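Novice: below is the structure, and that's it, no one-letter string:
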């Protein structure tokens, strides 16, 4: 009987912890809030920079001005179901040190628990921790990253990303519904066999 009561108590504790964590999912970084219209941060965005990433016409990426403690970044807004609504953000911290990265990581872990995923590289130049959190409005992805390598395609220093992946998926589905794909016949290859797939 004691075992049954103990098991039930542990289950209730875990359930309560999960509910608390779910209701505590982050929405904002540096005054930028997912779900808000981009007009709420018009003083810190470069609206003339708004562009749709390649093959992602359903969203627009807008550059952020430097704000205290941060060295630029961007927000992603919807262009269909949630037009002009902030769906994702990435901010680069002004402090690019490993010490600062570890300090921010410790604060995030204390608030949201251990991360769900590690996406670093074996060389130690890229450290990426990812949290997948949930709340009443859907899933929230939180990513903390440090990079000290030579790859220009990766943001150097420390950065943080916050997004609602389900909302971005909604935008894609909305766009595809309104803009059905047109299938055109591909341009014929200029070479035969495997050579067409290799550099020369």
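Specialist: Thanks, I have the structure now. Because the structure is predicted, anything quoted here is derived from the model rather than measured. Residues are numbered from 1 along each chain as shown.
Novice: contacts and neighbour counts: CA atoms only from here.
Specialist: Noted.
Novice: who does the helix or strand that contains residue 144 pair up with?
Specialist: Remark: residue 144 resides in strand 138-147, with elements defined by DSSP states H and E. Taking DSSP bridges as the criterion, strand 138-147 sits next to strand 126-135 (antiparallel), strand 157-163 (antiparallel) in its sheet.
Novice: right, and those - which one's nearest residue 73?
Specialist: strand 157-163 (8.6 Å; Cα to Cα).
Novice: please work out the average pLDDT along the closest one.
Specialist: In this model, strand 157-163 carries a mean pLDDT of 97.
Novice: how about residues contacting that strand?
Specialist: Here strand 157-163 makes contact (Cα atoms under 8 Å, 6 or more residues apart in numbering) with 27-29, 34, 87-97, 101, 140-148.
Novice: buried subset of those as a ChimeraX selection?
Specialist: In ChimeraX syntax, the buried subset of the contacts of strand 157-163 is picked out as below (16 or more other Cα atoms under 10 Å):
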select :27,34,87,88,89,90,91,92,93,94,96,101,140,141,142,143,144,145,146,147,148
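Novice: tell me the buried residues in stretch 51-70?
Specialist: Those would be 52, 57-64, 66, 70, for stretch 51-70 by 16+ other Cα under 10 Å.
Novice: scratch that, stretch 154-172 is what I was asking about
Specialist: 155-165, 167-168, 170-172.
Novice: cool, and stretch 116-126?
Specialist: Per 16+ other Cα under 10 Å, stretch 116-126 contains these buried residues: residue 126.
Novice: mind giving me a markdown table with the buried residues of stretch 51-70 and columns for secondary structure, distance to residue 191 and pLDDT?
Specialist: Listed next are these as a markdown table, based on DSSP: H, G, I helix; E, B strand; the rest coil; distance: Cα to Cα, whole Å; pLDDT from 0 to 100:
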| residue | secondary structure | distance to residue 191 | pLDDT |
| --- | --- | --- | --- |
| 52 | coil | 33 | 93 |
| 57 | coil | 32 | 92 |
| 58 | coil | 35 | 94 |
| 59 | strand | 36 | 96 |
| 60 | strand | 37 | 97 |
| 61 | strand | 37 | 97 |
| 62 | strand | 40 | 97 |
| 63 | strand | 41 | 97 |
| 64 | strand | 45 | 97 |
| 66 | coil | 49 | 93 |
| 70 | strand | 49 | 97 |
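Novice: out of the strands paired with strand 138-147, which gets nearest to residue 76?
Specialist: strand 157-163 (8.9 Å).
Novice: okay, angle between the helix or strand that contains residue 177 and strand 59-64 too, please.
Specialist: Residue 177 belongs to helix 165-178 when elements are defined using DSSP H and E. Relative orientation of helix 165-178 versus strand 59-64 (axes from the mean of the first three to the mean of the last three Cα atoms, to 10 degrees): 130 degrees.
Novice: helix 165-178 - contacts with which helices or strands?
Specialist: strand 86-93, strand 138-147 (3 or more Cα pairs under 8 Å, 6 or more residues apart in numbering; DSSP states H and E).
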